[in-house]
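> coords please:
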Amino acid sequence: MKNQVIINEQHTLLQDQVDLLNHVYGVGMWERLDVPASGWTKDEMEAVVAENGHNNLIFASPIPLLIGMVAAKNNGKQFAVLYNDRREKKELPNGKIIMTVAQTGWQLEQF
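Numbers count the residues shown, from 1 in each chain. The predicted structure is shown next:
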């Protein structure tokens, strides 16, 4: 089993985060699983789960913590996730191209 940190490929882990990962999992005992800047589609996310679901997945974001807390305390109640797996390219005034979540194409997934 691998310890994989899921993080946007454009983001950097802070030294404090690296130190914490090394303390908990051991130096060299975890690796990055980079999410492309363009994001993953729902099908691609399902493939990531199929390929890596047996591994210990660590999400480098505060939102998955909230989702995990809700799921852990589910007590038979349903919860849902509002998501959009579509991205749009935007050009900034300085010419830099960034990817943003599309304005349309939102989905509601219930668990």
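> Residue 99 touches residue 87, doesn't it?
Yes - using C-beta atoms under 8 Å, residue 99 is in contact with residue 87, at 4.4 Å. C-betas here are computed from N, CA, C, even on glycine.
> Now do the shared contacts for the two.
Counting by C-beta atoms under 8 Å, 6 or more residues apart in numbering, the shared contacts of residue 99 and residue 87 are 38, 39.
> Neighbour count for these two, which is higher?
Between residue 99 and residue 87, counted using other C-beta atoms under 10 Å, the more crowded position is residue 87 (18 against 15).
> who's in contact with the more buried one?
Per C-beta under 8 Å, 6+ apart, neighbours of residue 87: 38, 39, 99, 100, 101, 102.
> could you flag which of the residues you listed are buried?
The neighbour count (16 or more other C-beta atoms under 10 Å) marks residue 39 as buried among those.
> Hmm, which of the contacts of residue 87 is lowest in pLDDT?
In terms of pLDDT, the lowest of these is residue 101, showing 82.
> State the distance from that one to residue 29.
For residue 101, the distance to residue 29 equals 33 Å [C-beta to C-beta, to the nearest Å].
> Following the chain onward from the worst-scoring helix or strand of the chain on mean pLDDT, which element is next?
Of all helical and strand segments in the chain, the minimum by mean pLDDT, DSSP states H and E falls on strand 80-83, at a mean of 76. Next in sequence after strand 80-83, counting helices and strands by DSSP states H and E, comes strand 87-91.
> Show me the helices in this protein, by range?
For the chain, the helices defined by DSSP state H cover 15-25, 42-52, 62-72.
> What is the neighbour count of residue 33?
20.
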